[in-house]
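Enquirer: Predicted model and sequence follow; I will ask about them next.
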Amino acid sequence: MDKKLNKSKRSRSFILVLIIIIAGGFFISEFMKKPGLESEILTIGTSNSLNSVLLTIADEKGFFKKEGISVVLKWYKSAGNALDDMLAGNIHMAGVSETPIMYKSFYRDDFKIFATICTNSNDPKIIMISDKGRPQVSDLTGKIIGTTKKGQSAHFFLYLFLLKHGIGEDNVTLIHDSPAQIVDRLVKGDIHAASLFEPYAAYAKNLIKEKAFVFEESGLYSKTYNLVAKTNYLNTHNETNKRILKALIAAEKFHLDFPEQFLEIIYRRHKIKKNNIKNYLSNSSMEVSLPGSLLFTLRDEAKWAIQSKLTDKIKIPDFSNIIFTDSLNAVRPESMTFKKQETPGK
């Protein structure tokens, strides 16, 4: 009799546990279906540049997870490649400077910027090799100069730098390649100088040592680093977008509150010397925003692209159409200085 009773109790206990497991699974499933709680893994692509450090901090410190989203950072040799991959539908978002965005805007309008997370006034620099002491800017005339792909930030900076010093692009020979390959060409002596963004400019200088000389022009060009996604994705995942921005705002606050820890994480994750990181940060604004000045920068770059025949288009796009304001306006409206009416006149 006792054996039958115990067996009956065990059966009832097993059934009760089974019911709890099924009910719990159903509850979790329904909970995950609620708006804003995404079960998918979100992939953000970018390059190993110091522009992307807020993404690195948000990942390292678990700020994305605290906002209830799973994010994977995918690293590319060039952020322009990340943008291409995003537009091809292979990743959800890309972190990229405004120059590749400008170039793509001539040909398509199915993507938008939804936040700027870094602005730097002294990122691209020109590294020149010289055996005869410090060269003059005029010594660049007639030289072979390497830079990134056509239409990217280091190329635009080189154009502005040469223009300011009265040297036309037709007075130099330009070689375009990936940043890593340009550094390699410079070290081998295949080119005389290179226009590169950080950390590649620092890499080149450290490898060439005493024969490397740096031309820089703080304030000549303010480079922005932006988060971009397909328009349809942004429209259908606004809650997710807001959670991403909240995580990045937490990373921004961490940068201000714990600068030494911030520096240590970037040093460890990006393998960049601390002095180089400090120099970069001294010219940077790590703020989650949408600045109105972005429109003017995009327009200036578009004029350059047309004049330099980097595109076969002759009409400047309306860049106000590629700015997505809903997410940032909901999370941090005070940092959104972009306004639709600020679009420069055509």
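Expert: Cool, got the structure.

Enquirer: What pLDDT does the model give T343?
Expert: Looking at T343, its pLDDT is 44.

Enquirer: K271 too?
Expert: According to the per-residue confidence, K271 scores 84 in pLDDT.

Enquirer: Need phi/psi at it.
Expert: With angles defined as degrees, to the nearest 10, K271 sits at phi 60, psi 40.

Enquirer: Which SSE is immediately downstream of the lowest-mean-pLDDT helix or strand in the chain?
Expert: Of all the helices and strands that make up the chain, the one with the lowest confidence by mean pLDDT, DSSP states H and E is helix 2-32; it has a mean of 47. Proceeding C-terminally, helix 2-32 gives way to strand 41-47 as the next helix or strand, assigned by DSSP states H and E.

Enquirer: from the chain's centre, how far out does that next one sit?
Expert: Offset of strand 41-47 from its chain centre (Cα atoms, centre = their mean, to the nearest Å): 10 Å.

Enquirer: ok, that strand: who's next to it in the sheet?
Expert: Using DSSP bridges, strand 41-47 pairs in its sheet with strand 70-76 (parallel), strand 93-97 (parallel).

Enquirer: What separation is there between the residue nearest the centre of the chain and I145?
Expert: Centroid-nearest residue in the chain: G95, 2.9 Å away (criterion: Cα atoms, centre = their mean). Between G95 and I145 the distance, using Cβ to Cβ, to the nearest Å, works out to 27 Å. Every residue, glycine included, has its C-beta placed from N, CA and C.

Enquirer: which regions of this structure sit below the pLDDT cut-off?
Expert: Applying pLDDT under 70 to the chain flags residues 1-40, 338-346.

Enquirer: follow-up on the earlier one: the residue nearest to the centre of the chain: what's it in contact with?
Expert: For G95, the contact set (Cβ atoms under 8 Å, 6 or more residues apart in numbering) comprises 44-46, 51-52, 55, 79, 82, 117, 225-228.

Enquirer: so what's it closest to, chain neighbours aside?
Expert: T46 (3.6 Å; Cβ to Cβ, 6 or more residues apart in numbering).

Enquirer: So which of the strands paired with strand 41-47 is the most surrounded?
Expert: Compared across the strands paired with strand 41-47, strand 93-97 shows the largest average neighbour count, a mean of 29 (mean count of other Cβ atoms under 10 Å).

Enquirer: Tell me which other helices or strands the helix or strand following that one touches.
Expert: Once the chain leaves strand 93-97, the next helix or strand it forms, by DSSP H and E, is helix 98-105. Helix 98-105 sits against helix 79-87, strand 111-120, helix 153-164, strand 223-230, helix 293-307, with contacts defined as 3 or more Cβ pairs under 8 Å, 6 or more residues apart in numbering; DSSP states H and E.

Enquirer: for these, which one sits closest to S327?
Expert: For the helices and strands packed on helix 98-105, distance to S327 was read as Cβ to Cβ. The smallest value, 5.4 Å, belongs to strand 111-120.

Enquirer: other SSEs contacting the closest one?
Expert: Secondary-structure packing of strand 111-120 (3+ Cβ pairs under 8 Å, 6+ apart): helix 53-60, helix 98-105, strand 223-230, helix 231-236, helix 238-257, strand 284-285, helix 326-331.

Enquirer: Apply 7 Å and report the result again.
Expert: Contact analysis of strand 111-120 by 3 or more Cβ pairs under 7 Å, 6 or more residues apart in numbering; DSSP states H and E lists strand 223-230, helix 231-236, helix 238-257, strand 284-285, helix 326-331 as its packing neighbours.

Enquirer: list the helices and strands the third one packs on?
Expert: Right, the one you point to is helix 238-257. In terms of contacts (3+ Cβ pairs under 7 Å, 6+ apart), helix 238-257 is packed against helix 53-60, helix 63-66, strand 111-120, helix 326-331.

Enquirer: Which one of these lies nearest to A251?
Expert: Across these (criterion: Cβ to Cβ), the nearest stretch is helix 53-60, sitting at 3.9 Å.

Enquirer: Residues in contact with the closest one: which ones?
Expert: Here helix 53-60 makes contact (Cβ atoms under 7 Å, 6 or more residues apart in numbering) with 44, 46, 64, 71, 73, 95, 117-118, 247-248, 250-252, 254-255, 262, 265-266, 269-270, 286.
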